[in-house]
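# build me a structure from this.
(2 chains)
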Amino acid sequence: MNSMDSMNSMDNTESANVSHAQQSNYNFAYLDEQSKRTIRRGLLKAVAIPGHQVPFAGREMPMPYGWGTGGVQLTASILGEKDVLKVIDQGSDDTTNAVSIRRFFERTAAVKTTTATEEATVIQTRHRIPEQSLSNDQILIFQVPIPDPLRFIEPSETETQKMHALEEYGVMHVKLYEDIAHYGHIATTYAYPALVNERYVMDPSPIPKFDNPKLHMNEALLLFGAGREKRLYAVPPYTKVKSLDFDDHPFEIQQWEENCALCGSDNSFLDEVIVDDEGTRMYVCSDSHYCSQRVAEQEQEQVSSSHSQNKSEDLA
Amino acid sequence: MYVAVKGGEAAIDNAHQLLAEKRRGDGSVKVLTVKQIQQQLPLVVDRVMTEGSLYDPQLAALAIKQAMGDVVEAIFLLRAYRTTLPRFAYSEAINTDEMRIERRISATYKDIPGGQALGPTFDYTHRLLDFSLLEEEGVDDEIKEGVEETINEGTKGNSTDDTIRKEATAENLIMEDSSQSCSPHYPRVTDFLRQDNLLQSHSSTLHSSKTNSSENKTPVNDTQKSEAENTCTDLTREPLSYPADRTARLQALTRADEGYLLALGYSTQRGYGRTHPFAGEIRMGYVTVSMMVEELGFAIDLGEICVTECDMINQFQGNQQQPPQFTQGYGISFGFCERKTMAMALVDRSLQAKELGEAIDTPAAQEEFVLSHCDNVESSGFVSHLKLPHYVDFQSELELVRQMRADYQPVPNEEPAVTTPSGVANE
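Numbering: from 1, shown residues only, chains lettered A, B, ... in the order given. Modelled structure (predicted):
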């Protein structure tokens, strides 16, 4: 068993702290079992109807609405004692809200946590899909602020429900068309709407459209939870997900002229960082685990090559 | 070399420590006790209980202390605690007809059976700062005792129990005001109107929650819910769906942010609505909560809670099915939240536009607008989430704006586009 000190260490791979969880007067993973069961019933329905928003009786969670309560409730409902949990926000394990949510489950469920994408059985995310591809024994849980992709076109819930029921998605294409007419290209960059299983248009949560292709035929189960709006939905493994577009204006993802300044990756989502007062920019991977893993691999290679060839190379 | 941002955990720990220090304030000043908050800031305790949806003055006071007086934060704390409590059963509908009255006023009739009683109200106080309250406790206490003695003339004023003392005070005032024998029953102003069919009937708008006498005494619990006709929607157990029935609306409004309801209610008076309200009756006092125990076959009393209730009477022009009559807006809260209940009654009436066939052309009449945004735990959460990192989305927008600027063709004969800030690194 780990000591309390491990709670403060930056390495969370082994920080599941049973004694800590036992101190708390709450049920395993916070929610009572009945609430969890209600949510799991909703999840079953969501899996059965890919992309369809299922209402559920969201509970108040001890973190504010808008800070991931939907995702937290889903995670709490499906988490078992043997699960290994990873939590990311903006692709990183170390952003404050990711730390906070990971700690929450360390405290209330004492599950093992990790930062390694491949080790996790459950990954809760905000705004990103990990660069590394997922496997069919993993579940990715998205935190969703506004679950209905039609909301910004039609504010009324009563209306949007009808539109979903009737597959009345023309307005979505009109919106994209207006972008093209105005700007010459589609001007939606994140929360890019996608058609799930050729039936429901879904808001993939505010992930950059860069991540949209990863939704398609993903091996992992993708679950989406919106706590404040009390909706959940799912994309089961190996489901078709098509980002909305036109034949003559096909869907495109973001591209950078730069590579990651740390690991040199040329195919990951890059965050722009301002590094001095003059506003000099540098670009680094948004997926912190992916980046650090690549850096570690490169260092490994470097060490072995310098051993064999006695030659050192400078990494920028 | 640049290293990706680390240190989230340490930063959070430090922030929590600073928060604790901030909460304590200057160590040379005595610690504020939960009991003091409960006793001496009762109105904020009442608001936290009402919007926190949990009747527990002690925990509400604790939440206020922990939240450093941030009421919305305190409400959130109480809600988050409440949601973990097991749900055994639903109580019987409370019967406010049998309220042990502390305050009762009507703006529609000069005199009403049972009398009017002002109770502990700010009304008719002159809002002048009472500088004597600046004095330290000792002096303050003496003044307080003196006041109590005059109020409690002729009653057992030295009782140690605050509740009992207040009760005695109120009964006393009622007797003085109405010169009637003190009856435990205070007939409802709206019922007099209803007798003459001048006011819409209960059944036309909702089932229970309006707690009127025995007709609504249907035991409700999770399993039985569907069978009973007079059941209430429970928003803590099922998501709000539209169109919402009136019980759902009333529950949402009771939990709703006071400021929000106040603004909406005000808007109906000022011109964004035509509901012409009269405060038919406002009453505040104690009611018994009882619960039906199936094994026993009868209801047992669990205790008393303090509530404030407002019956607002509004005009209705009538339509092809119904002759003109008055309609009603209803507000209720835990404790003494009079402003909240009045605003709630106004908004409740506005939201009946749909049932009454009125035009829905004002913000306060739009059910989805009102109900989807009324909960301050939800709204403050979502507004405050803008503090969270949005690096990824912002990056996406940044790229887009750059692309759009690159494509931008200024219209000839106009001022050229503003110079690009700092030349933008990658171009």
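
# rest of the way, CA atoms for contacts and neighbours
OK.

# what strand or helix carries A:K86?
Using DSSP states H and E, A:K86 falls within strand A:84-89.

# repeat that for B:S267.
helix B:258-270.

# helix or strand right after that helix?
Using DSSP H and E, the helix or strand that follows helix B:258-270 in sequence is strand B:277-293.

# need the per-residue pLDDT for the one residue in the stretch 101-250 of chain A that gets nearest to chain B.
Closest contact between the stretch 101-250 of chain A and chain B, by Cα to the nearest Cα, is at A:T189 (5.6 Å). On pLDDT, A:T189 comes in at 90.

# give the contact list for it.
Residues near A:T189 by Cα atoms under 8 Å, 6 or more residues apart in numbering or on different chains: A:208-209, B:393, B:396-397, B:400.

# ok, and the most crowded of those?
Tallying neighbours with other Cα atoms under 10 Å in any protein chain shown puts A:P208 at the head of those, with 26 neighbours.

# can you report phi and psi for that residue?
phi -60, psi 150 (degrees, to the nearest 10).

# give me the below-cutoff pLDDT ranges for the stretch 251-400 of chain B.
Along the stretch 251-400 of chain B, the model assigns pLDDT under 70 to no residue.

# would you mind listing what in it touches chain A?
Within the stretch 251-400 of chain B, the residues that sit near chain A (Cα under 8 Å from any Cα of the partner chain) are B:368, B:377-385, B:388-393, B:395-397, B:399-400.

# if any of the residues you listed are buried, put those into a ChimeraX selection.
Only the buried members of these enter the following ChimeraX selection, criterion being 16 or more other Cα atoms under 10 Å in any protein chain shown:
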select /B:368,377,378,379,380,381,382,385,389,391,392,393,395,396,397,399,400
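
# next one, pLDDT for B:K225 please.
We have a pLDDT of 38 for B:K225.

# same question, the one 5 residues further on
According to the predicted model, the pLDDT of B:N230 comes to 56.

# can you check B:D234 too?
Model confidence at B:D234, given as pLDDT, is 89.

# kindly provide the distance from the nearest residue to it once chain neighbours are set aside to chain A.
Excluding its sequence neighbours, the residue lying closest to B:D234 (Cα to Cα, 6 or more residues apart in numbering or on different chains) is B:A248, at 6.8 Å. Distance of B:A248 to chain A, computed by Cα to the nearest Cα, to the nearest Å: 14 Å.

# so B:A248, which state does it fall into?
Following DSSP: H, G, I helix; E, B strand; the rest coil, the label given to B:A248 is helix.

# and the one 3 residues further on, by the same measure?
Assigned by three-state DSSP, the conformation of B:Q251 is helix.

# which ones are touching it?
Neighbour list for B:Q251: B:234-235 [criterion: Cα under 8 Å, 6+ apart].

# before we move on, what about A:L222?
A:L222 sits next to A:139-142, A:234-237 when contact means Cα under 8 Å, 6+ apart.

# what's the closest of these to A:T160?
Checking those against A:T160 with Cα to Cα, the nearest one is A:A234 at 18.4 Å.

# report the buried residues of whichever strand or helix holds that closest one.
Taking DSSP H and E as the definition, A:A234 sits inside strand A:231-235. Residues of strand A:231-235 classed as buried: A:231-235 (neighbour count, 16+ other Cα under 10 Å).

# what residues does the stretch 101-250 of chain B have near chain A?
So the stretch 101-250 of chain B meets chain A at B:235-239, B:242-243 (Cα under 8 Å from any Cα).

# report the buried members of these.
B:235, B:237, B:239.

# mind checking how far the residue positioned nearest the centre of chain A is from A:N267?
Nearest to the mean C-alpha position of chain A, counting by Cα atoms, centre = their mean, stands A:T125 at 3.1 Å. Applying Cα to Cα, to the nearest Å, the value for A:T125 to A:N267 is 20 Å.

# tell me the domain ranges of chain B?
According to automatic domain parsing, chain B comprises the domains B:9-82, B:96-123+B:144-374.

# of all the ones you listed, which lies closest to A:Y169?
That would be domain B:96-123+B:144-374 among the domains of chain B, by Cα to Cα, at 21.0 Å.

# gap between the two ends of that closest one?
25 Å.

# B:L371 contacts B:R246, correct?
No - taking contacts as Cα atoms under 8 Å, B:L371 lies outside contact range of B:R246: 11.4 Å.

# A:E159: neighbour count?
Using other Cα under 10 Å: A:E159 sits among 13 other residues.

# go on, B:V29?
Neighbours of B:V29 under the rule other Cα under 10 Å: 8.

# against B:Q36, how distant is it?
15 Å.

# residues near the nearest residue to B:L388 once chain neighbours are set aside, how many?
Leaving aside its chain neighbours, B:L388 sits nearest to A:N97 (7.2 Å; criterion: Cα to Cα, 6+ apart). For A:N97, the count of nearby residues is 23 (other Cα under 10 Å).

# quick revisit: dump the buried ones among the residues of the stretch 101-250 of chain B next to chain A to CSV, plus secondary structure.
As requested, these are exported to CSV (three-state DSSP):
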residue, secondary structure
B:L235, coil
B:R237, coil
B:P239, coil
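
# closest to A:S156 among these?
Distances from A:S156 to these, taken by Cα to Cα, are shortest for B:P239, at 15.9 Å.

# check what pLDDT the spatially closest residue to A:P193 that is not a sequence neighbour gets.
Nearest in space to A:P193, with sequence neighbours left out and distances taken as Cα to Cα, 6+ apart, is A:D203 at 5.1 Å. At A:D203, the pLDDT value in this model is 96.

# what is the neighbour count of A:D203?
A:D203: 26 neighbours (other Cα under 10 Å).

# same check on B:P324?
Neighbours of B:P324 (other Cα under 10 Å): 15.

# repeat for the one 5 residues further on
Residue crowding around B:G329 was assessed by other Cα under 10 Å; the count is 27.

# how near is A:A261 to chain B?
Taking Cα to the nearest Cα, one finds A:A261 at 9 Å from chain B.

# in this structure that residue contacts A:R281, no?
No - with contact defined as Cα under 8 Å, A:A261 does not reach A:R281; the gap is 10.4 Å.

# so which of these two has more stuff around it?
Taking neighbours as other Cα under 10 Å, A:A261 and A:R281 compare with A:A261 leading, 18 against 15.

# ok, now how distant is that one from B:R405?
26 Å.

# how about the nearest residue to B:K65, chain neighbours excluded?
B:V34 (6.8 Å).
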